[in-house]
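Asks: what follows is a predicted structure for the sequence shown.
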Amino acid sequence: MKILILGGTVFLGRHLVDAACARGHAVTIFTRGQHEAGPAPEVEWLRGNRDGDLGALVGRQWDVAIDTSGYVPRVVRDSARLLAPAVGRYLFVSSVSAYDEARLRPGFDEEYPLATLGDPTTEEVTGATYGALKGLCERAAEEALPGRAVIIRPGLIVGPYDPSDRFTYWPHRIARGGMVLAPGRPEAPVQFIDVRDLAAWIVRLAEAGTVGTFNATGPANPLTMAMVLETCRAVSGSDAELVWMDEAFLLGQGVGPWIEVPLWVPEAEGVNVSAVSISRALAAGLTFRPLAETVRDTLAWDATRPADQAWRAGLPPDREHELLAAWASQH
C-alpha cells in the first residue's frame, strides 16, 4: 500500500513512518524540512508548506493519506481538497479536546457534541481555541472526502520522543527518588495511549479500509494515578516516597493541573479527558502494550536527552520542595 503522511519527523509522525515501513508499505512524507532527523532511506521525503506550498503533492497518487499536522481548518481543507482525487481515504488525527467539555458526561463517546468557536474564522491556535479548531478541521476533511474520511481523536499521547513532557515527567521524577508530590486521589482515573500503539493501530485501520470516527486513548482496563506512579517506581527501582496531596490544597497553593502537574485534572472541575469511551476503537482492533513497557522505554529515551534540557511540563524541583514543605506544615 502507498501511504502519504502529512508530517512524519516528529513524535506520532515518526512512529507512523516506523509502523508503516515495518508492515512493508511504501511511505511518503510531506514536511517543511525543519527537523534534522530525516526519515529512513526507503521513505520518500517531499518538502513544502501546507499553508500555500502544496506543489510537491500535485499529480501524485496514494492509497491513503494520514494527516498528523492539521490545526487550522483552511489549511486542512486545502490539503484534503487537493488530495481528494489522489487518495482512497484520508485519516485525520484530531483530539478528544474537540468535544464541548461543558456538555460531557462520564464515558462520553464519539456522538457527543463538539466545541464551537465564538469567531469561527479565527486561525489563532491557543489553549482556548485548539479543540474547536480541531473539530472544524474534522469537518473540512469529511466535506472534501465524504464517505472516505477517518477521524481519530486521541487523548494524551505518550512514549519515546514525546516533545510535551506531559508523561515523561513522571518516570523521570520518580526515578530521581526522594519525596515526590503525588496529586489528588490515588484512585483518580487516568487515560493515555502509547504513541507506538496508536501508530500501529492507525496503520491497521488504513489497511482495513475502515472509515468513521474513533476516540483513541487507553488502556482497555481502568487505570489510576496510583497505578501509574507505582509502575514508574517499580520499573525505575526508585526509593521514591509518594506524598499524596488533595486537590483542595493544590488548588489553594495555585498549582496548575495538566502542565505543571502532568496527568492531574481536578475532579472538582467535572468530567474530563480521563473519562472517554473507547469501545468503538477496541472493536476496531486497538490494542495496548503493558504500562511497564511504556515507562521503561520512555526512561531509556529520556536518558539520551541533554541533562540541562528545558522541561515543558512538570514541577521544577524548587517548587515541588516548597509544596512538600507547606503540606508537611499542615499535616
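Replies: Good, I have the coordinates.
Asks: from here on, contacts and neighbour counts on C-alpha atoms
Replies: Will do.
Asks: my guess is residue 158 contacts residue 194. True?
Replies: Yes - counting by Cα atoms under 8 Å, residue 158 touches residue 194, with 5.0 Å between them.
Asks: tell me who's in contact with residue 56.
Replies: 46-48 (Cα atoms under 8 Å, 6 or more residues apart in numbering).
Asks: strands of this protein, start to end?
Replies: 2-6, 26-31, 44-47, 64-67, 89-93, 149-154, 157-158, 179-183, 193-194, 212-216, 241-245 (DSSP state E).
Asks: any chance of those strands in JSON lines, with distance to residue 258 and mean pLDDT too?
Replies: Shown next, in JSON lines, are the strands of the chain (distance: least, Cα to Cα, whole Å; pLDDT from 0 to 100):
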{"stretch": "strand 2-6", "distance to residue 258": "28", "mean pLDDT": "98"}
{"stretch": "strand 26-31", "distance to residue 258": "29", "mean pLDDT": "96"}
{"stretch": "strand 44-47", "distance to residue 258": "34", "mean pLDDT": "94"}
{"stretch": "strand 64-67", "distance to residue 258": "26", "mean pLDDT": "98"}
{"stretch": "strand 89-93", "distance to residue 258": "21", "mean pLDDT": "98"}
{"stretch": "strand 149-154", "distance to residue 258": "16", "mean pLDDT": "98"}
{"stretch": "strand 157-158", "distance to residue 258": "13", "mean pLDDT": "98"}
{"stretch": "strand 179-183", "distance to residue 258": "11", "mean pLDDT": "98"}
{"stretch": "strand 193-194", "distance to residue 258": "16", "mean pLDDT": "98"}
{"stretch": "strand 212-216", "distance to residue 258": "19", "mean pLDDT": "98"}
{"stretch": "strand 241-245", "distance to residue 258": "15", "mean pLDDT": "98"}
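Asks: residue 121: which of those is closest?
Replies: Closest to residue 121 of the strands of the chain is strand 89-93 (Cα to Cα; 20.4 Å).
Asks: my guess is residue 112 contacts residue 101. True?
Replies: No - counting by Cα under 8 Å, residue 112 sits too far from residue 101 to count as a contact (9.7 Å).
Asks: between those two, which is the more surrounded one?
Replies: Taking other Cα atoms under 10 Å, residue 112 and residue 101 do not tie; residue 101 has more neighbours (18 against 13).
Asks: quick check: the gap between that one and residue 215.
Replies: Residue 101 sits 15 Å away from residue 215, going by Cα to Cα, to the nearest Å.
Asks: got it, and residue 3?
Replies: Following Cα to Cα, the distance that separates residue 3 from residue 215 is 22 Å.
Asks: same deal with residue 84?
Replies: 24 Å.
Asks: kindly report the same for residue 304.
Replies: Taken as Cα to Cα, the span from residue 304 to residue 215 is 32 Å.
Asks: so, low pLDDT: which residues of the stretch 1-150 of the chain?
Replies: 35-39 (pLDDT under 70).
Asks: again, but for the stretch 151-300 of the chain
Replies: Ranges of the stretch 151-300 of the chain meeting pLDDT under 70: 268-274.
Asks: helices of the stretch 201-331 of the chain, start to end?
Replies: Using DSSP state H, counting those that start in this stretch, the helices of the stretch 201-331 of the chain run over 225-236, 247-252, 279-283, 291-302, 317-330.
Asks: what number of residues lie near residue 311?
Replies: Neighbour number of residue 311 under other Cα under 10 Å is 14.
Asks: hang on, isn't it packed against residue 165?
Replies: Yes - assessed by Cα under 8 Å, residue 311 is found in contact with residue 165 at 6.7 Å.
Asks: contact partners for residue 140?
Replies: Neighbour list for residue 140: 73-74, 76-77, 80 [criterion: Cα under 8 Å, 6+ apart].
Asks: kindly report the domain assignment for this protein.
Replies: Residue ranges of the domains in the chain are recorded as 2-154, 169-191+221-272+290-330, according to automatic domain parsing.
Asks: returning to that earlier point: redo the contacts of residue 56 as CSV? Include neighbour count.
Replies: Formatted as CSV, the contacts of residue 56 follow (neighbours: other Cα atoms under 10 Å):
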residue, neighbour count
46, 18
47, 17
48, 16
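Asks: make a markdown table out of these and add distance to residue 174.
Replies: Shown next, in a markdown table, are the contacts of residue 56 (distance: Cα to Cα, whole Å):
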| residue | distance to residue 174 |
| --- | --- |
| 46 | 41 |
| 47 | 40 |
| 48 | 41 |
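Asks: wait, what's in contact with the closest residue to residue 211 other than its chain neighbours?
Replies: Leaving out its chain neighbours, the residue that sits closest to residue 211 by Cα to Cα, 6 or more residues apart in numbering is residue 150, at 4.8 Å. Residues in contact with residue 150, defined by Cα under 8 Å, 6+ apart, are 89-92, 210-213.
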